[in-house]
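Just a sequence and a predicted model for now, questions to come.
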Amino acid sequence: MSKPNIQEYINILGDIPSFLNKYLELKILKRLKRVGYFCGMDYGSKHIYDFGYKISRYDHSLTTALITWKFTKDKRQTLLALFHDVSTPCFSHVIDYMNKDYENQESTEEKTESILKSSRKLKQLLKEDNLTLEDITDFKQSTIVDNHRPKLCADRIDGIILTSLGWTKKLSMKEVPNIIKNIEVQTNEDNELELGLKSSEVAQLLCELNKDIDTLCHSNEDNYMMELLAEITKYAIDNNYITYDNLYEYNEDKLFKLLNSINDTALQVMLNLFKKVTLEEVTIKELPKVKRRLINPLVNGKRFLTK
């Protein structure tokens, strides 16, 4: 039985603004439709992962853009949000693990500019909206789209909602509208614009949801599976079965089919373990400091958590 998609969540966020539709057809963005939001773990052992929704990096890019548009009505910031994950490779943050970037998980973002520049069509579309590539390359320019933890932003709020729907399953779709209607643009203690909340109850909910996500992301089984897929990917690159650039050119379906077809006993043993390992078989995986996902929302201009 196929998993449901998140169209209902997209509908909750409102209509896609007309100017945005033309960008959704770009090849550099459509590639993300087959790059999963959960770092390749959709293909992993069902004893470890049982995702409730099928979610792609394209979905996340679109919903982050829709949140940004809903609260700014600003084309530039909305496009910063839409393209913020355009450089996401196959297996997403697994590649950060492979690159030993456990704490920040930003090692793949360096390709954003070159990927955007590679699209001639994108330059034409931006010109129609009186924008340039420089206007949309660095999504960290907008504190609405991206902000330092523990502050909230469109990317972070969307990540909490998607992960709580699809992985932890601690959030139901019927609860999402109440979260969205309680968001507004506020000014924080650093005089930055930040997506804050009107209700302490919603702030409490987001903090609880985020804590559950952080716990799972630091669980031994998740670290084990992330590191295992990182080892598989590195092995494939080191043995010239794929190139590092292929991670940005292929989609995950294509990449897994290729890996599964390779006549290499060591590789197939690792892949079989990735696909079938049980919780009891997972060994202790000691990793360096892994990224903490902490939040402290603004509620009516003041931090919700005081300690």
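Structure received.

Helices of the stretch 201-307 of the chain, residue ranges please.
Along the stretch 201-307 of the chain, the segments classed as helices by DSSP state H, counting those that start in this stretch run 220-238, 246-249, 252-261, 265-276.

Pick out the shakiest of those helices, pLDDT-wise.
Of all the helices of the stretch 201-307 of the chain, mean pLDDT reaches its minimum on helix 246-249 (a mean of 91).

hmm, back to that, kindly reformat the helices of the stretch 201-307 of the chain as JSON lines and extend each row with distance to residue 304.
C-betas here are computed from N, CA, C, even on glycine. Converted to JSON lines, the helices of the stretch 201-307 of the chain look like this (distance: least, C-beta to C-beta, whole Å):
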{"stretch": "helix 220-238", "distance to residue 304": "27"}
{"stretch": "helix 246-249", "distance to residue 304": "38"}
{"stretch": "helix 252-261", "distance to residue 304": "37"}
{"stretch": "helix 265-276", "distance to residue 304": "39"}
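
Now distance to residue 34 and mean neighbour count too, for the ones you listed, in JSON lines please.
Formatted as JSON lines, the helices of the stretch 201-307 of the chain follow (distance: least, C-beta to C-beta, whole Å; neighbours: other C-beta atoms under 10 Å):
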{"stretch": "helix 220-238", "distance to residue 34": "16", "mean neighbour count": "19"}
{"stretch": "helix 246-249", "distance to residue 34": "12", "mean neighbour count": "18"}
{"stretch": "helix 252-261", "distance to residue 34": "5", "mean neighbour count": "16"}
{"stretch": "helix 265-276", "distance to residue 34": "18", "mean neighbour count": "15"}
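
nearest to residue 123, of those?
helix 246-249 (19.4 Å; C-beta to C-beta).

what separates the closest one from the chain centre, distance-wise?
Put simply, helix 246-249 sits 17 Å off its chain's centre (C-alpha atoms, centre = their mean, to the nearest Å).

quick one, phi/psi of the closest residue to residue 74 other than its chain neighbours?
In space, and not counting its chain neighbours, residue 74 is closest to residue 68: 7.6 Å by C-beta to C-beta, 6 or more residues apart in numbering. The phi and psi values for residue 68, taken as degrees, to the nearest 10, are phi -60, psi -50.

now swap in the one 10 residues further on and tell me
Note on residue 78: its backbone torsions stand at phi -70, psi -40 [degrees, to the nearest 10].

Tell me the pLDDT of it.
On pLDDT, residue 78 comes in at 98.

Please determine how far it is located from residue 23.
Relative to residue 23, residue 78 is positioned 9 Å away (C-beta to C-beta, to the nearest Å).

ok, the two, which is more surrounded?
Shown here are residue 78 and residue 23; by other C-beta atoms under 10 Å, residue 78 has more neighbours (27 against 23).

Quick one: residues contacting that one.
17, 20, 65, 68-69, 72 (C-beta atoms under 8 Å, 6 or more residues apart in numbering).

one step back: quick one: residues contacting the residue nearest to residue 74.
Residue 68 neighbours (C-beta under 8 Å, 6+ apart): 74, 77-78, 80-81, 142, 144-145, 154.

For ChimeraX, write the selection for the buried entries among the residues you listed.
In ChimeraX, this line selects whichever of these come out buried by 16 or more other C-beta atoms under 10 Å:
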select :77,78,80,81,142,144,145,154
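
Mind putting the contacts of residue 68 into CSV with secondary structure and distance to residue 53?
Below are these laid out as CSV (DSSP: H, G, I helix; E, B strand; the rest coil; distance: C-beta to C-beta, whole Å):
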residue, secondary structure, distance to residue 53
74, coil, 29
77, helix, 26
78, helix, 24
80, helix, 25
81, helix, 20
142, coil, 27
144, coil, 25
145, coil, 23
154, helix, 19
